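Enquirer: sequence below, structure please.
(one chain, ligands or ions: 1)
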Amino acid sequence: MRKGWVTLVVMVGSVATLSAQISKEAIHLTPNGKGWGVETEVPREGGTFGNKPATTNGIGYHGGPVMHANPVNVYFIWYGNWTNGPKPSDSQTTVNLMDALFGPTRGIGGSSYFKINTTYSDMAGYATGNIALLTSSTNHYSRGKQLADSDIQNIVSSAISSRALPRDANGLYYVLTSSDVAETSGFCTKYCGWHTSSTIGGTNIKFAFVGNPDRCPSACEMQIVSPNGDSGADGMASIMVHEASEAVTDPDLNAWYDSLGNESADKCAWKFGPVTGTLGHGAYNQTFGTYNWLIQMQWENSRGGGCDKALGGKFYLQ
Ligand SMILES: [Zn+2]
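Expert: Numbering: from 1, shown residues only. Presented below is the predicted three-dimensional model:
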């Protein structure tokens, strides 16, 4: 089965100057041996190289900050129609599942999985292993159904300026679009989600886009029959966690990535390790609270580096 594109591509070059967006032509595709297209960035230049020594764990440090907040506060912006949209997953069921996944207790925050991120650091110390949903808001198609990257930032900015959500430098804001919404820079064709940061209202704001992958299951979902019986939500879960880990380890796109421009979770994209059950039939590889999830692994920046499902756990190639 063709499995689409890697989940994460970030194109914005630097923190404060969103206008310095790298052209799409700068993207190149490399085969990953599975017939999937893996989109990579050209190596980003610059960054202020700190005096942190280079590691031998397959990923390099480029001087920028990681996120330390305990927890990183998550804000959801449910864009479009998440009540009764065109797909069954455009529904409150999906909202509830994501609320559980990022909930303050029994979600990914503080899990052994998310603690993999504590193997990353900057000069101020280790990255956080904790993340938790604080507040959500909704947006009923304020920018229509064809969104550009700039619309995503505008949606975040509007949520903050209208005080629907707080302005939080320790936050991660997700713009989550229902299945009838296109992100025209390449959702479903080049990526399934992305993250970046920008200065909004004088504050460095980290934000991510993740669309309902039921818009393009063959590209952005590992399985249609999924652990929680909601293919859109289960597909989003893996993508959203991927973006969360990368926002923590590389929030401004100038901290941790490898020589190909792959950030931490990119190195384990679509790799799940051993699963319970059978892929395609509701398989899962993580349990948080009462929910089972199929979540792609994260790159551990220790012990030589590798993809694992839990801090200090076994490394897996697939
Ligand atoms: Zn990524």
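
Enquirer: got the residues of the stretch 151-300 of the chain near the ion?
Expert: Residues of the stretch 151-300 of the chain lying close to the ion by Cβ under 5 Å from the ion are E246, E263, A265, D266. C-beta coordinates here come from the backbone N, C-alpha and C atoms, glycine included.

Enquirer: again, only using 6 Å
Expert: Neighbours of the ion within the stretch 151-300 of the chain, by Cβ under 6 Å from the ion: H242, E246, E263, A265, D266.

Enquirer: of the residues you listed, which belong to helices?
Expert: Among those, the residues falling in helices (DSSP state H) are H242, E246.

Enquirer: what's the farthest-apart pair in the residues of the stretch 151-300 of the chain next to the ion?
Expert: H242 and E263 (9.2 Å; Cβ to Cβ).

Enquirer: which residues of the chain score low on pLDDT?
Expert: 1-55 (pLDDT under 70).

Enquirer: residue ranges for the helices of it, please.
Expert: When assigned using DSSP H, the helices of the chain occupy the ranges 92-101, 149-161, 217-220, 231-249.

Enquirer: buried deepest among those helices, which one?
Expert: Of all the helices of the chain, helix 231-249 carries the top mean neighbour count, a mean of 28, counting by mean count of other Cβ atoms under 10 Å.

Enquirer: what helices and strands are in contact with it?
Expert: With contacts taken as 3 or more Cβ pairs under 8 Å, 6 or more residues apart in numbering; DSSP states H and E, helix 231-249 sits against strand 72-79, helix 92-101, strand 171-177, strand 193-200, strand 203-211, helix 217-220, strand 291-293.

Enquirer: restricting to C-alpha, output the first one in PDB.
Expert: Listed next in PDB are the C-alpha coordinates belonging to strand 72-79 (Å, rounded to 0.1, in the frame of the first residue of the first chain):
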ATOM      1  CA  VAL A  72       4.100  22.700  27.200                       C
ATOM      2  CA  ASN A  73       0.600  24.000  27.000                       C
ATOM      3  CA  VAL A  74      -1.400  22.800  24.000                       C
ATOM      4  CA  TYR A  75      -4.200  24.800  22.300                       C
ATOM      5  CA  PHE A  76      -6.500  23.300  19.700                       C
ATOM      6  CA  ILE A  77      -8.200  25.400  17.100                       C
ATOM      7  CA  TRP A  78     -10.800  23.300  15.500                       C
ATOM      8  CA  TYR A  79     -11.200  24.900  12.100                       C
END
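
Enquirer: parallel or antiparallel, which strands does it pair with?
Expert: Paired neighbours of strand 72-79 in the sheet (DSSP bridges): strand 131-139 (parallel), strand 171-177 (parallel).

Enquirer: out of those, deepest packed?
Expert: Buried most deeply of the strands paired with strand 72-79, by mean count of other Cβ under 10 Å, is strand 171-177, with a mean of 27.

Enquirer: show me the contact partners of that strand.
Expert: Residues outside strand 171-177 that contact it (Cβ atoms under 8 Å, 6 or more residues apart in numbering): 67, 72-80, 82, 98, 131, 134, 147, 152, 155-156, 159, 165, 183, 187, 195, 205-212, 236, 240, 243-244, 247.

Enquirer: if anything else comes up later, I'll come back, but that's it for now.
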